[in-house]
Structure formats: C-alpha cells, structure tokens
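Asker: sequence plus predicted model, see below.
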Amino acid sequence: MSAPLPEAFFARDALDVAHDLIGRHLRHEAVTLRITEVEAYRPGDSACHGFRGESARNRPLFGPPGRLYVYVCYGIHRMVNVVTGPEGEPQGVLIRACAPVEGLDVVAARRGGRTGPVTLTGPGKIGAALALDVAWSGHPVFEAGGVEVLPGAPAAARLIGPRVGIDYAEPVHRDAPWRVAEADSRWVSVRKTLRPL
DNA sequence: ACAAGGATCCTCT
DNA sequence: GAGGATCCTTGTT
C-alpha cells in the first residue's frame, strides 16, 4: 500500500512532470496501469487547449496542479490529462499509453465485447480502460479514494519525440520533442518518431 | 440555433 | 498507408 504522489509532485513544468511520470502507476478502483507514454502541453504552447484562453471545457487546465483534465475528442474518445504547474497557467500532461498492472479482466469487460487482445496504446484507450468521462475533469489525483497517481517505479531509460496529432500547431511547437515514452516497452504508440533520450 | 472541426481508433488494402 | 466513423465543444448568426 503506497500513498498517492503529493500535490507538489505536479507543481512543476509539464515537461518535467512528463518525464517523471513514466513508470508511475495510475489507479482507479480495481484497475491499475503503469504509465508508459505521455505528452506535455505547456503555457504559450500553440498545441495546448489553454492557448486561446479559458473556457468551460479547459478550465481545470488553468487551475491548481494535480487535477484531472478530461475532454472528449472526435466525439468518442475520452482523453485523460493531469494538470501541472502553478495555478493560473494552462499546462498539463496527456496520458497516451500504459502497461497493464492489475485489473486487466475489468478493462477487457469494458471494451464492449470487442474481440482480440486488449491494448492500452493510445490516449482514447486509457480513458476507456479507467472508465473516466468528463465528469472526472477537475478531480484531484493526490487524494485516496478516486483516481490516484501512485509512485510505481520511475523509468530511467526513456524515448522522446514530437507529439502526435497536432499538425495545426506552430512549427516550433509541432516539432518540439515533448512526447516521452518508456524505452524497451511494447506499450508505446507511434514508435517510429521516437528516439533515445 | 447552426456549422465546423478535432491532442483518435478501427478496418480495410 | 489511407479513409471513414462519430458527437461534443466552440464560435458565430
């Protein structure tokens, strides 16, 4: 039994938190996952949802750190972020892929009868596996009893590369190596644009 | 009230 | 490797 990482863990720049989150655990009820791939979205970043100001959807991004920011993408997928940095600055880390630790049977049951092996590579699959929706947006991850980020074991060997699906961003942000993944893990998406740290 | 587009996923070839 | 699915959020009339 380990306590969740404290609020202060998330009160840093999104890129620092992104690197430090690889190998940590994400738990919701019976399901525990090890984080294997993330992306940092930062203040002044034209790919960040907070770049064009605050709205009802992205409000948690501007709030204090250590809270979830959950939104719906393409009308289907629930994307899970953890807010970072000081209150007032829009920044956070998107969870893109995980490895199963516990509760894989529950995850499989949540896949709506879909056949084939359960995969956790891709942000939409993480939201589904943890049964999160936008009602969880704003929920703290440093308190026991809901969604928790646990210490796990940080990964020393990492890969970095550009983020996925943000071609609309300014080139300086589009090409920035703000995606981080665990090296030597099969639970990583879009591997071809990643390189050793 | 409406139209447009999206930090994706899955199923083909 | 390419294209369609699918529906919520946002900004504009």
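Answerer: Yes, it's here. Residues are numbered from 1 along each chain as shown, chains lettered A, B, ... in the order given.
Asker: quick one, phi psi at the closest residue to DNA strand C within chain A?
Answerer: Using CB to the nearest atom of the strand, the single residue of chain A nearest to DNA strand C is A:Gly75, 2.1 Å away. Every C-beta, even on glycine, is put in place using the N, C-alpha and C of the backbone. When read as degrees, to the nearest 10, the backbone of A:Gly75 gives phi 70, psi 0.
Asker: grab the most central residue of chain A for me.
Answerer: A:Ile95 (1.8 Å; CA atoms, centre = their mean).
Asker: pretty sure that one sits in a strand.
Answerer: Yes - under DSSP: H, G, I helix; E, B strand; the rest coil, A:Ile95 sits within a strand.
Asker: quick one: name whatever helix or strand follows the helix or strand bottoming out on mean pLDDT in chain A.
Answerer: Evaluated with mean pLDDT, DSSP states H and E, the helix-and-strand set of chain A has its lowest mean pLDDT in helix A:104-109, which scores a mean of 88. Per DSSP states H and E, the first helix or strand lying C-terminal to helix A:104-109 is helix A:123-129.
Asker: next, see if that following helix gets close to DNA strand B.
Answerer: Yes - counting by CB under 7 Å from any atom of the strand, DNA strand B has neighbours in helix A:123-129: A:123-125.
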